[in-house]
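In: What follows is a predicted protein model with its sequence.
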Amino acid sequence: MLNLNQLRFFYEAAKSQNFTTAAKKLFVSQPAVTAQIRLLEDQATLKLFKKGGRKIFLTDEGKTLYEYVKRLFEYEIQIEHVIEDMKKLKRGTLRLGTTKTYARYFMPMILSNFCETYPQVKIFLDEGSSRDIMQSLLDFQNEVALVAIVENDPRIRFIPFSQEELVLILSVNHPLRKKESLKVEDLAEEPLIMKEIGSATRKIINDLFAGKGLSPNILMETGNTEFIKQVVQRGEGISFLVRSAVMAELNEKKLIEKPIKGQNLYLTVNLAHLEGQDLSRAAQAFLEIITKFVPQKGPEDNLRAIMTQMLDNWQLPSIGNK
C-alpha cells in the first residue's frame with residue numbers, strides 16, 4: 001500500500017531537485033525528507049534519485065513515477081478548489097420535491113430567485129403526490145420539499161408556509177350553479193374528478209364526505225390539475241382544487257365556484273426536510289431564501305399573496321440599479 005505522505009515528500013523533492021528546498025516547503029527537517037524518500041524506495045524496491053556532487057537527479061524510474069505523482073497532486077489542488085466552490089455555492093446540487101400544482105404555479109418564481117442568486121447550482125425538481133414526496137425525503141432522494149401534510153411523521157420536520165383554500169369548481173352550465181351554496185349531500189351523486197391517492201387534497205375531500213357518512217362518486221382520478229380543469233369545464237364532472245390553481249379560470253368565467261355550507265376547506269402547505277439531518281449548502285441556501293417569506297399562519301396567507309410579496313422584493317434591487 002502506497003503511503004501518500006511519502007509520495008508528497010517525493011513530489012516536492014523531485015520538483016525542486018533539492019531535499020533542503022523540499023524540507024522548507026513541507027515545514028520539516030532535511031533529514032526527515034531523506035528518511036521518507038528512503039522508505040518509499042525500500043517499499044517500491046526502486047532507486048528514485050541519484051546524486052551528482054551536491055546535486056540530486058531523478059533516475060529514469062524516478063522520472064516515470066514523478067509524472068504520475070505530479071498529476072496526483074495537481075488533482076489535489078483541483079479538489080481543494082472544488083471544495084471551496086461548494087462552500088461558496090459556486091457549484092453544487094439542490095434536490096427539491098413538490099406536488100405538480102406547486103411545481104407549476106409557485107416553483108418557477110422561487111427557483112428563478114434562487115438561480116439568480118446561485119446561478120451555478122444545479123437544480124433537480126421532483127414532482128409527485130404529497131405522500132410520494134414525503135417518502136422521497138425518507139429515501140434521501142430529495143433534501144427539501146414543499147408539500148401539504150397527508151400524515152405526520154416524526155422523522156420529518158414541517159415548517160408551515162401557507163394555507164391554501166380548496167374550492168368546489170363547476171362548469172358554468174352545471175345544474176347546481178343556481179344554488180347560492182351547497183351541502184355535501186348535494187354532491188353525493190355528482191361525478192367527481194379526484195386528485196390522486198396520496199395527495200392532501202384527496203384526504204381532505206374524503207374526510208369531508210366521510211363526516212356526513214357518505215362516499216364520493218369518483219368518476220376519475222389524476223394528479224394533472226390542467227386536465228381536471230378541462231374536464232370540469234366540459235361539464236363532465238365537478239372537482240375540488242386549491243384556489244390559486246383555478247384563479248385565472250374563475251376570473252375569466254370559464255369555471256364557477258360554490259361554497260359548501262358550514263365547511264371551510266384549507267390545506268396547510270409546508271416546507272419539509274428530514275429531522276436531525278444536516279442539509280447541503282444548497283439546501284440551506286434555498287431554505288434561507290424561502291423562509292424570508294414565511295407568513296403569519298392564517299387562511300389569508302396563501303401562495304398567491306406570498307408570490308406577490310416575493311415578486312415585489314425580488315424586483316426592488318433591479319429597480320434601484322436603473
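Out: Yep, it's here.

In: buried ones in stretch 132-151?
Out: Neighbour-count burial for stretch 132-151 flags 132-137, 142-150 (criterion: 16 or more other C-beta atoms under 10 Å). C-beta here means a position set from N, CA and C on the backbone, and glycine is covered the same way.

In: which residue ranges form the strands in the protein?
Out: In the chain, the segments counted as strands under DSSP state E are 49-52, 55-58, 92-98, 121-127, 144-148, 156-171, 192-195, 218-222, 238-242, 255-258, 266-274.

In: tell me what the last one is packed against?
Out: Using 3 or more C-beta pairs under 8 Å, 6 or more residues apart in numbering; DSSP states H and E as the contact definition, the elements that strand 266-274 packs against are helix 130-138, strand 144-148, strand 156-171, helix 200-210, helix 281-291.

In: so how far is it from its chain's centroid?
Out: The offset between the C-alpha centroid of strand 266-274 and the centroid of the whole chain comes to 14 Å, using C-alpha atoms, centre = their mean, to the nearest Å.

In: I would like the residues contacting it, please.
Out: Counting by C-beta atoms under 8 Å, 6 or more residues apart in numbering, the neighbours of strand 266-274 from elsewhere in the structure are 102, 134, 137-138, 143-149, 155-166, 200-201, 204, 242, 279, 283, 287, 290-291, 294, 297, 299, 303.

In: for the second one, same thing?
Out: Residues outside strand 55-58 that contact it (C-beta under 8 Å, 6+ apart): 13, 14, 17, 18, 19, 48, 49, 50, 51, 66.

In: That strand pairs with which strands, and in what direction?
Out: When pairs are called by DSSP bridges, strand 55-58 turns out to pair with strand 49-52 (antiparallel).

In: Among the buried residues of stretch 132-151, pick out the one closest to residue 83, please.
Out: Proximity of those to residue 83 was ranked by C-beta to C-beta; the top entry is residue 143 with 19.1 Å.

In: Quick one: residues contacting the closest one.
Out: Residue 143 makes contact with 94, 95, 96, 137, 273, 274, 279, 280, 282, 283 under the criterion C-beta under 8 Å, 6+ apart.

In: show me what contacts the closest residue to it other than its chain neighbours?
Out: Here the nearest residue to residue 143 in space, its sequence neighbours aside, is residue 283; by C-beta to C-beta, 6 or more residues apart in numbering that works out to 4.2 Å. Applying C-beta under 8 Å, 6+ apart, one finds that residue 283 lies in contact with 94, 95, 143, 144, 273.
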